[in-house]
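>>> give me coordinates for this.
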Amino acid sequence: MAQAKNGDTVKVHYTGKLEDGTVFDTSADRDPLEFKIGEGSLIPSFEQAIVGMTPGESKTIQLTSDEAYGQHREEMVVVVNRSELPPDLNPEVGQQLQINQPNGQALVVAITDVSELNVTLDGNHPLAGKDLAFDIELVKVG
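Residues are numbered from 1 along each chain as shown. This is a model prediction of the structure:
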């Protein structure tokens with residue numbers, strides 16, 4: 001059987017867990033995840049863990065926060081006045097918004113706190129600062 005290598009399109013089933021075992025994402029109840037190794041569409045450490053695997057093989061990998069989504073960065077958290085938000089928006093904790101940065105790039109932020117006057121927006125990935133584990137099964141190469 002062919003071993004997965006950089007440049008291959010692969011299909012994998014995975015389950016992502018936090019350090020305490022809480023599952024934050026899984027493909028178990030849907031189609032396997034398909035991607036091209038080395039294209040950079042996923043966490044690089046996750047992609048590289050597939051290299052050398054053969055279809056039907058499974059493994060568990062542990063990733064530090066630096067290998068996953070990076071450290072939680074305080075500079076990515078801002079408090080804005082409610083008047084700066086669209087008037088028809090009823091902000092709630094957990095809600096996600098897309099904002100346009102000065103350079104034109106869009107950034108998805110999560111609302112983490114709401115007060116009468118202010119709303120706290122967090123641009124960090126929800127899993128930033130967390131060590132992760134992934135159970136991976138290579139389903140198909142090519």
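>>> just the strands in this structure please.
Secondary structure of the chain, counting by DSSP state E: strands at 9-18, 23-26, 33-36, 58-63, 77-81, 96-100, 106-114, 118-122, 132-141.
>>> partner strands of the second one, with direction?
Going back to what we said before, that points to strand 23-26. Sheet pairing for strand 23-26, assigned by DSSP bridges, gives strand 9-18 (antiparallel).
>>> cool, the third one as well?
The sheet places strand 33-36 alongside strand 9-18 (antiparallel), with pairing taken from DSSP bridges.
>>> check which helices and strands the helix or strand bottoming out on mean pLDDT in the chain sits against.
Least confident helix or strand, the chain: strand 96-100 with a mean of 90, by mean pLDDT, DSSP states H and E. Where contact means 3 or more C-beta pairs under 8 Å, 6 or more residues apart in numbering; DSSP states H and E, strand 96-100 is packed against strand 106-114. Glycine gets a C-beta too; all of them are placed from N, C-alpha and C.
>>> for the strand it packs on, name the packing helices and strands.
When contacts are defined as 3+ C-beta pairs under 8 Å, 6+ apart, strand 106-114 packs onto strand 96-100, strand 118-122.
>>> among these, which comes closest to Val139?
Taking C-beta to C-beta, strand 96-100 is the member of these nearest to Val139, at 30.3 Å.
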